[in-house]
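Novice: Pasted the sequence and its predicted model underneath.
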Protein chains: 2
Amino acid sequence: MTQPLALGIDIGGTNTAYGIVNRRGDILHKGSMPTTGHATVQEYIEALKGELLPLIDRFGRDEIEGVGVGAPNGNYYTGEILFAPNLPWKGAAIPLVKMLNEALGLPCKLTNDANAAALGEMMYGAARGMKDFVVVTLGTGVGSGFVANGQLIYGHDGFAGEFGHMISVRDGRKCGCGRKGCLEAYCSATGIVATAEEWLTEDNSPSLLRGKEGKLTARDLHEAALRGDVMALQIFEYTGKILGQTLADMVVVTSPQTIVFFGGLAHAGDILFRHVRYYMEESMLNIFKDKVAFLQSALPDADAAILGASALVW
Amino acid sequence: MTQPLALGIDIGGTNTAYGIVNRRGDILHKGSMPTTGHATVQEYIEALKGELLPLIDRFGRDEIEGVGVGAPNGNYYTGEILFAPNLPWKGAAIPLVKMLNEALGLPCKLTNDANAAALGEMMYGAARGMKDFVVVTLGTGVGSGFVANGQLIYGHDGFAGEFGHMISVRDGRKCGCGRKGCLEAYCSATGIVATAEEWLTEDNSPSLLRGKEGKLTARDLHEAALRGDVMALQIFEYTGKILGQTLADMVVVTSPQTIVFFGGLAHAGDILFRHVRYYMEESMLNIFKDKVAFLQSALPDADAAILGASALVW
């Protein structure tokens, strides 16, 4: 074995990204395929196998120490994906580690996508050398990975870190998890679009967003806000307020040095984060005021997820 | 040195309890004195010194490895008590470790009272052998100690675990910390009394609590509820609902195996905890439903705090 390698796989709601990674965090090869569009999880695994087996042969089966996977609601202890509202295969437990292990013939480990991102940031990214931090992923959903005393917190069942399912608005908007008012229902890419669709219906004020009802994206909102659209700017303030207030509730429990933001909506920059910062500090217990730093992930989105997933192997 | 000993001190809002403890967790001697009634923190330390020096002489200065202290807002890293709303000495930082070290001539360590309780439960109590659990103290205030991967979580600043200051009711009742709607403002012994005082003013329905306005205690409420008083029973349901909903938000982040309840209000038993359990499960994310056990501290209140504080020494 010349140089130990790992195969990192990030299963997102829309795309699955994968890469061959060495111990230093160099991605030697990467690729992606759609997560959606497969009738069953078996067909998805077959398609993934079709992508990965040639890659494993190319880099040499003996060189690859194992496969690390990050996926929504992925459980480190059981190797299963359980009730993932943002994946096409809903419902019961999917024995992903077992299926992938059979398909690829390599040892396999699983954790949730946000935990994988936290591992990637700790080993190769913005959180290098930190012992107490949180990664918050603002993508299709809202996820989080908590590191305390330099260790990822899995909790008793392997499901710790579901920050996106703290209740931000009691009896609020319906969430994909079946409950009401979760942070994710407001502060994910889909959540902010839902806010815009609601406001466009309830309000008659002019906006660049009009005419796009029913097919709005978070990117449309960001572009309208950059052009000074008042409604779009107010939607970012509303979203930032909910995220900031909920972060303040999370900080009192875990006391992180830094919160690293990651995922599509994290790129909204100051348009979102000046409000997140303002409302977080406004709601913050005095002993934590002005102490918690915000960072944006220093790694390209796909890379961090692949690196983090691969870090499960080492 | 025949048998190594530790001096454990628990500084509460009303009383300070202390004890000489061996490594097995036997309390060889214990005592207490009022925390209140001293004009300054210096006078308090002088009074404490007057109690402790004879004890240290009696057990032998050379036998005592050190002093462990649990106190509200006690910081493990700095040795200071900061902004403790439930202690008589408010305001700036109190360098407790430095003061006690000078007064007693022994090495000294500090953490907050709930972290000390968590250490006590892990080493000698209901959480023996558990790696992921939370101790929630329901006393004058609401505190918590989080253990993950078998380690107490101090967080970056040493202040992690302030579960009592999660915002349970947005823009709700004023809390001692200066903000509004904290869990502690509703679900501590003082919080439940505040609810009763409010309800007695706003409502005319008959209750055994009438006539005690302005001097009610949590014990009065418990006794009235045990006698079937409708208002007292409803106050326990209201309090249990807020605690249960806020616990559900905490569980999604930390995924504990067990929540150990501790402190005066924890003795309310089923009158409170059937509501806590019901509303926690009602608000719970599906992957955590019916998984988190409730336990009452297996140690007498004063003992657990002394044992936990002493555990800082080992």
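Specialist: Done, it's in.
Novice: so who does A:Lys289 touch?
Specialist: Residues in contact with A:Lys289 (Cβ atoms under 8 Å, 6 or more residues apart in numbering or on different chains) are A:Glu281. C-beta coordinates here come from the backbone N, C-alpha and C atoms, glycine included.
Novice: Find the nearest non-adjacent residue to the residue in the stretch 201-314 of chain A that chain B sits nearest to, please.
Specialist: Distances from the stretch 201-314 of chain A to chain B, computed as Cβ to the nearest Cβ, single out A:Ser255 as the nearest residue at 2.3 Å. If the residues on either side of it in the chain are set aside, A:Ser255 comes closest to B:Gly155, at 2.3 Å by Cβ to Cβ, 6 or more residues apart in numbering or on different chains.
Novice: same thing with A:Ser205?
Specialist: A:Met231 (6.1 Å).
Novice: And that neighbour, how close does it get to A:Gly211?
Specialist: Here the distance between A:Met231 and A:Gly211 works out to 13 Å (Cβ to Cβ, to the nearest Å).
Novice: which of these two has more neighbours?
Specialist: With neighbours defined as other Cβ atoms under 10 Å in any protein chain shown, A:Met231 and A:Gly211 compare such that A:Met231 has more, 19 against 8.
Novice: buried residues in stretch A:266-278?
Specialist: Along stretch A:266-278, these residues count as buried under the neighbour rule (16 or more other Cβ atoms under 10 Å in any protein chain shown): A:Ala266, A:His267, A:Ala268, A:Ile271, A:Leu272, A:Phe273, A:His275, A:Val276, A:Arg277.
Novice: hang on, the second one is in a helix, isn't it?
Specialist: Same thing as A:His267. Yes. Assessed with DSSP: H, G, I helix; E, B strand; the rest coil, A:His267 lies in a helix.
Novice: who touches it in this structure?
Specialist: Under the criterion of Cβ under 8 Å, 6+ apart, the neighbours of A:His267 are A:His222, A:Gln296.
Novice: Now do the end-to-end distance for stretch A:177-191.
Specialist: 13 Å (Cα to Cα, to the nearest Å).
Novice: So what's the residue count around A:Lys49?
Specialist: A:Lys49 sits with 16 neighbouring residues when counted by other Cβ under 10 Å.
Novice: pretty sure it contacts A:Leu104?
Specialist: Yes. Counting by Cβ atoms under 8 Å, A:Leu104 is a contact partner of A:Lys49 at 6.7 Å.
Novice: Backbone dihedrals for the residue of the stretch 201-314 of chain A closest to chain B, please?
Specialist: Listed backbone geometry of A:Ser255 is phi 50, psi 60, with angles given as degrees, to the nearest 10.
Novice: That one reaches B:His156, doesn't it?
Specialist: Yes. Using Cβ under 8 Å, A:Ser255 is in contact with B:His156, at 5.5 Å.
Novice: Quick check: next helix or strand after the helix or strand encompassing A:Ala6?
Specialist: A:Ala6 is part of strand A:5-11, with elements assigned from DSSP states H and E. Taking DSSP H and E as the definition, the helix or strand that follows strand A:5-11 towards the C-terminus is strand A:15-22.
Novice: Restrict the helix or strand following that next one to CA atoms and write it as PDB.
Specialist: Using DSSP H and E, the helix or strand that follows strand A:15-22 towards the C-terminus is strand A:27-34. The C-alpha trace of strand A:27-34 is given here as PDB (Å, rounded to 0.1, in the frame of the first residue of the first chain):
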ATOM      1  CA  ILE A  27      -9.200  15.200  -3.300                       C
ATOM      2  CA  LEU A  28      -7.500  13.200  -6.000                       C
ATOM      3  CA  HIS A  29     -10.700  12.700  -8.000                       C
ATOM      4  CA  LYS A  30     -14.300  13.800  -7.600                       C
ATOM      5  CA  GLY A  31     -17.700  13.300  -9.200                       C
ATOM      6  CA  SER A  32     -21.400  13.500  -8.600                       C
ATOM      7  CA  MET A  33     -24.700  12.000  -9.700                       C
ATOM      8  CA  PRO A  34     -28.400  12.900  -8.900                       C
END
